[in-house]
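>>> Build me a model from this:
(chains A and B)
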There are 2 protein chains.
Amino acid sequence: MSNVLVLGHKNPDTDSICSSIAYATLKDKLGEQAEPVRLGELNEESKYALKYFQTKAPRMISGVSEETERVILVDHNEKQQSAIDIDKVKVIEVIDHHRIANFETSEPIYYRAEPVGCTATIIYKLFLENNVTVEKNVAGLMLSAIISDTLLFKSPTTTNQDIEIGKELAKIAKVELEDYGLSMLEAGTNYSDKSMEELVELDSKDFNLSGKRVKVSQINVVNPAEILRNQEEIKQVLKKNTEKQSLNLSILMITDILNSNSIILAFGEDYKAIEYAFNVTFEQNLVLLEGVVSRKKQMVPQLTKAFEALQ
Amino acid sequence: MSNVLVLGHKNPDTDSICSSIAYATLKDKLGEQAEPVRLGELNEESKYALKYFQTKAPRMISGVSEETERVILVDHNEKQQSAIDIDKVKVIEVIDHHRIANFETSEPIYYRAEPVGCTATIIYKLFLENNVTVEKNVAGLMLSAIISDTLLFKSPTTTNQDIEIGKELAKIAKVELEDYGLSMLEAGTNYSDKSMEELVELDSKDFNLSGKRVKVSQINVVNPAEILRNQEEIKQVLKKNTEKQSLNLSILMITDILNSNSIILAFGEDYKAIEYAFNVTFEQNLVLLEGVVSRKKQMVPQLTKAFEALQ
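Got it, this is the predicted structure:
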């Protein structure tokens, strides 16, 4: 039988990359062969983490069905965020911290979702539950995932579990949490070699919200003004995506990780859902949302409700 | 804020009843008020278990939304198997061992599914993970659920975890596993006071399988001939259900728990899916399936595949 592949979502972020490595490691130690893979290019933040903790990047693949019959999903469950041919293989496990949607199985599987800030937080608990020792580099990668997803515990998605486990992992990984975290996050805000198309695609997720096709992209920055210099070009990219991919709404969240707010650029007939959800008004496709930093907790549920209300 | 309600599926079986009690107990011990409730009448087996372990039955309710805003689902996740107004409340947790389907959330939740024989097996692990002591009667109820769902470890859904945890629970509950189990299962095969309508409804579940509306009912017996005496009447009930509920297929599995096989009575245009799935031929709406005792593992996935193939 072919190996089980462990994969995170398309446009992988640091949690998808590091959690696939960590969970494949756990599986290996439990005697089940598993290989971490990725569905896209590494971002600068993930590269920083992998280099710091001397770990090889997961192999990049474009589809799963020619490689294996069995996969484990980490950090996602929605079909449209997974491998294009995910329907052709068997999903045997899911470890995730997102809403559950567009997911269906014909047989019982192992599904572990917890409303915590990061998939790696759950995976660390699974190491403990299975009495498997966490080694330095794997601890460092799980810590990186937690720092990335919680923006160093600043995001409202952060739970006490993320903080406690983050501190434990920092000890095992032998790093000073704040110092390492800030350096890693900052490395992630380096988009100098990216085109505006790439910038929008980098961390973008597709959703079906109350029947609407919505793409929500997000980038973290320390200096929003720098990105906004190119706002006309970004709007053109959003416009093009909306038309080409028949989207109802295309959003870019430019998240200021130091000041914990997001500038929203949006395109598509349904931008009014954002205005309704947050009681704001767009000016030239742009609006500032104070305190909003989490796509998962502060954008997707609010938009879902707005679409329902506006139907 | 109103209490969280913990509920199993419609037509509750012993796992739904006992797991809702056990999980509400665990929640209470963790300081979160939770009340077990049920969506239907107790069967004879559950009555036996509750009486034996001196526990009050969960309160029966018809809907949830007038009682609470927050529910925990145990032993099911599919909407059509839950409270009729489940869409009006927030599902905050799911503990289950079935396939995942017709289930969607707008926010991340705690979802714990494992491919084990019984929900109570997972709940026992949650007691351990949370360092909460399991008391005698609650142990007895969880044991009853495991015996019921695994037919005393004879069903192919049984895993090593069910067996090991079953043995541990028997010790805590201070019962001899085989003796208690057989007595409980036998109590469950007493249908003497049931009409044929009630018999078919007792443990029936609705599914949407590849777009087909299918109802699969199951009863456990020690003497199939006794039930088959009334087969004409049962067929009339299946026919009536099929018409009244616009089903594509209505199935009754009469499962011989001593000899581990099932006699299938079926009605509806799509009975051919069963013939295709098991390579058998119905005679007068009846066929014997050797070795088939599990709806979840030996009927639903096979029918799903057959419907897909026949499309």
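
>>> Look up how far B:Met142 lies from the closest residue to A:Ile100 other than its chain neighbours.
Spatial nearest neighbour of A:Ile100, excluding adjacent residues (CB to CB, 6 or more residues apart in numbering or on different chains): B:Thr105 at 5.2 Å. The C-beta positions use only the backbone N, C-alpha and C, and glycine is treated the same way. Look at B:Thr105 and B:Met142: by CB to CB, to the nearest Å, they are 27 Å apart.

>>> pLDDT value on A:Met1, please?
pLDDT recorded at A:Met1 is 54.

>>> likewise A:Glu186?
91.

>>> Quick check: buried residues in whichever strand or helix holds it?
Assigned by DSSP states H and E, A:Glu186 falls within helix A:177-188. By neighbour count with 16 or more other CB atoms under 10 Å in any protein chain shown, helix A:177-188 contains the buried residues A:Leu177, A:Tyr180, A:Gly181, A:Met184, A:Leu185, A:Glu186, A:Ala187, A:Gly188.

>>> Just grab the bridge partners of the closest residue to A:Gly268 other than its chain neighbours for me.
Nearest residue to A:Gly268, sequence neighbours excluded (CB to CB, 6+ apart): A:Leu249, at 3.9 Å. A:Leu249 has the following beta-bridge partners by DSSP bridges: A:Val214.

>>> Compare B:Thr105 and B:Met142 and say which is more crowded by neighbours.
A direct count of neighbours by other CB atoms under 10 Å in any protein chain shown for B:Thr105 and B:Met142 places B:Met142 higher, at 32 against 19.

>>> so A:Phe127 sits right up against A:Val134, yeah?
Yes. Between A:Phe127 and A:Val134 there is a contact at 5.1 Å, judged by CB atoms under 8 Å.

>>> returning to that earlier point: state the number of residues packed around the residue nearest to A:Gly268.
A:Leu249: 24 surrounding residues under other CB under 10 Å.

>>> and what of A:Gly291?
Neighbours of A:Gly291 (other CB under 10 Å): 11.

>>> Check what contacts the helix holding A:Glu186 and list those residues.
A:14, A:43-49, A:52, A:143-144, A:147-148, A:151-152, A:166-167, A:170, A:220, A:222, A:257 (CB atoms under 8 Å, 6 or more residues apart in numbering or on different chains).

>>> packing partners for the following helix or strand past that helix?
Scanning forward in sequence from helix A:177-188 by DSSP H and E, the next helix or strand is helix A:196-202. Here helix A:196-202 touches strand A:212-221, helix A:231-244, going by 3 or more CB pairs under 8 Å, 6 or more residues apart in numbering or on different chains; DSSP states H and E.

>>> Could you check the angle the shortest one makes with helix A:231-244?
The directions of strand A:212-221 and helix A:231-244 differ by 150 degrees, with axes from the mean of the first three to the mean of the last three CA atoms, to 10 degrees as the criterion.

>>> Can you point out the buried residues in the very next helix or strand once past strand A:212-221?
Going down the chain from strand A:212-221, the next helix or strand is helix A:224-228, by DSSP H and E. Burial within helix A:224-228, assessed by neighbour count using 16+ other CB under 10 Å, is assigned to A:Pro224, A:Ile227.

>>> Render the CA-only coordinates of helix A:224-228 in CSV, please.
Output of helix A:224-228 as CSV, limited to C-alpha atoms (Å, rounded to 0.1, in the frame of the first residue of the first chain):
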residue,chain,number,x,y,z
PRO,A,224,0.4,49.1,5.6
ALA,A,225,1.3,52.3,3.7
GLU,A,226,4.0,50.5,1.8
ILE,A,227,1.5,48.1,0.3
LEU,A,228,-1.2,50.7,-0.2
